[in-house]
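Q: Any chance you can model this:
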Amino acid sequence: AIPRDLVESELFGYRQGAHSTAHAAKPGLIEEAEGGTLFLDEIGEMTGEAQTKLLRFLQDRELTPLGATRPRRMDVRIIAATNRTSSLTGAARGPGGLRDDIVAHLGAAPVHLPPLRSRVEDLGALVAYFLRATPSVSFDQPTFRALCLHTWPLNVRELEKIVTTAAVLSPGVKPIGLRDLPEPIARAIETAPASAARRASGPSPTPAQLEELLRR
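A: Predicted coordinates for the structure are as follows:
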């Protein structure tokens with residue numbers, strides 16, 4: 001989200017007098033993370049020019065702020081995230097894709113986060129996290145079941161939006177109900193059993209088994 005012409009200044013910092021607005025020295029994000037970890041989110045959107053400058057640091061681990069003449073070796077762990085799968089698979093990349101050599105330097109231990117629909121068991125922990133500011137608010141059981149049946153095409157951001165909106169719409173004295181969810185999600189609980197039965201190759205789960213799944 002850093003403006004294109006400020007990426008170098010924000011990452012590497014600058015010394016006083018480095019440019020017309022550099023009235024005082026400013027440490028960059030890499031320098032601020034000395035001895036710790038710097039997390040670069042959505043790195044797949046970084047411009048090619050900025051990637052070249054970042055690659056130089058990743059190769060040498062030496063930082064030269066704008067206006068400085070001597071590099072300084074930095075002890076920083078870099079963690080980066082991208083939603084561009086082509087950036088990690090070597091497929092053809094459009095504008096904003098990652099350079100292969102950047103992937104090589106960052107890819108020592110890649111972590112692939114599966115979509116939310118593939119880890120429905122995380123819903124309870126995520127909902128509790130999004131409701132941490134309103135601990136008295138909770139979901140009734142049918143409503144939470146509706147959340148479990150939704151396919152979450154927009155993943156965790158969609159869940160956060162729905163949960164926080166439902167918490168605002170709920171009167172507070174009652175648990176969040178189906179009335180507080182978007183209609184397509186609320187109706188999922190009505191349509192899912194029939195569609196699930198059509199897909200199932202074995203017997204449908206009993207009510208007791210469903211309740212156990214919800215508790216888990």
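Q: Could you list the low-confidence segments of the chain?
A: 17-22, 85-96, 108, 171-172, 191-207, 209-210, 213-214 (pLDDT under 70).
Q: SS state for the closest residue to residue 58 other than its chain neighbours?
A: Closest residue in space to residue 58, ignoring its immediate chain neighbours: residue 105 at 4.2 Å, by Cβ to Cβ, 6 or more residues apart in numbering. C-beta: built from backbone N, CA, C; applies to glycine. Using DSSP: H, G, I helix; E, B strand; the rest coil, the structure places residue 105 in helix.
Q: From residue 99, how far out is residue 105?
A: 9 Å (Cβ to Cβ, to the nearest Å).
Q: can you list residues touching both of those two?
A: Common contacts of residue 105 and residue 99 (Cβ atoms under 8 Å, 6 or more residues apart in numbering): residue 55.
Q: Just the strands from the protein, written as ranges.
A: 37-40, 62-63, 72-73, 77-80 (DSSP state E).
Q: Make JSON lines out of those strands and add distance to residue 49 and mean neighbour count.
A: Shown next, in JSON lines, are the strands of the chain (distance: least, Cβ to Cβ, whole Å; neighbours: other Cβ atoms under 10 Å):
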{"stretch": "strand 37-40", "distance to residue 49": "16", "mean neighbour count": "14"}
{"stretch": "strand 62-63", "distance to residue 49": "17", "mean neighbour count": "16"}
{"stretch": "strand 72-73", "distance to residue 49": "22", "mean neighbour count": "10"}
{"stretch": "strand 77-80", "distance to residue 49": "17", "mean neighbour count": "16"}
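Q: ok, back up a step: wait, the residue nearest to residue 58 touches residue 56, no?
A: No. Counting by Cβ atoms under 8 Å, residue 105 sits too far from residue 56 to count as a contact (10.5 Å).
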